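Q: predicted structure and sequence below. I'll ask about it afterward.
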Amino acid sequence: MVVMLAVSAALAVIFAGLAFWAYMQYTEQKSDVEGRVELAVLQGKQEQAEESERQWREREAETTSEFVGPDDYGRLSFRFPRHWSVHEATDITRGGDYEAYLNPGKVPPISNNQQFAIRVTIENTDYDRVIQSYASKIRNGDLRSSATSSQGITGTRLDGNFNNNIRGSAVIYKIRDKTATIRTDADTFRADFDRLIQTIDFVQ
């Protein structure tokens, strides 16, 4: 009886050890499989994101055109809807400020109160002076000021009422010794403007 009990106890210990070992092997293999699954999922998501970005860039190239400003003024560039027209209103061969206007269809006659999808101005004026010119409208709440950036360069964004006829948004950047302002004159074009400013590039 004693021998049988001893053998039974030994067998129980052995089986318990085997069971523990099997459980540890199962846990290790399960963790390894789960790790491989998670890695595969992450790789799949990354590949999907890269593919989505590639498709987005292809669609952008098909549906947009590129605006490029004068080289001497920092070569400001951005993408805009292909069906828009561009009108350069100034000849900068003798210097001075640069102005361009973009609008769906044709560009209407130029005036301060005329609404355009996009106005581009590159002034021979210090950046701080340009920002200061909006200070009173920011103080009285007509305009809201916030930070924006392009290519790692910080600028200023303004949203609100620029005058009685113009309610829109603008981004302002310092480009060399000049200041560039890209503005939309109506909330109708806000979505296009927000996409457009994501593509802004210029040479410092």
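A: All right, it came through fine.

Q: so where do the helices sit in this structure?
A: Using DSSP state H, the helices of the chain run over residues 2-63, 127-132, 135-139, 190-197.

Q: which of these has the lowest average pLDDT?
A: Mean pLDDT per stretch puts helix 2-63 lowest among those, at a mean of 69.

Q: residue 119: neighbour count?
A: Residues near residue 119, counting by other CB atoms under 10 Å, number 24. Yep, even glycine has a C-beta here, placed from its N, CA and C like the rest.

Q: was I right about it contacting residue 180?
A: No: using CB atoms under 8 Å as the test, residue 119 is too far from residue 180 to be in contact (11.0 Å).

Q: okay, domains of this structure per the record?
A: Per automatic domain parsing, the domain ranges recorded for the chain read 1-63, 69-197.

Q: among those domains, which comes closest to residue 203?
A: With CB to CB as the criterion, residue 203 lies closest to domain 69-197 of these, at 4.9 Å.

Q: distance from that closest one to the middle of the chain?
A: Distance, stretch centre to chain centre, for domain 69-197: 18 Å (CA atoms, centre = their mean, to the nearest Å).

Q: any residues touching stretch 90-97, and which ones?
A: By CB atoms under 8 Å, 6 or more residues apart in numbering, the surrounding residues in contact with stretch 90-97 are 70, 72, 73, 98, 99, 121, 122, 123, 124.

Q: please look at the fourth one and residue 125 and confirm they touch.
A: Same thing as residue 98. No: Residue 98 lies out of contact with residue 125 (CB under 8 Å); the separation is 11.9 Å.

Q: more crowded one of the two?
A: Between residue 98 and residue 125, counting by other CB under 10 Å, residue 98 is the more crowded of the two (23 against 14).

Q: which residues are in contact with the closest residue to the more buried one other than its chain neighbours?
A: Spatial nearest neighbour of residue 98, excluding adjacent residues (CB to CB, 6 or more residues apart in numbering): residue 122 at 4.2 Å. Contact partners of residue 122, counting by CB under 8 Å, 6+ apart, are 69, 70, 73, 74, 76, 97, 98, 175, 178, 179, 180, 181.

Q: thanks a lot, catch you later.
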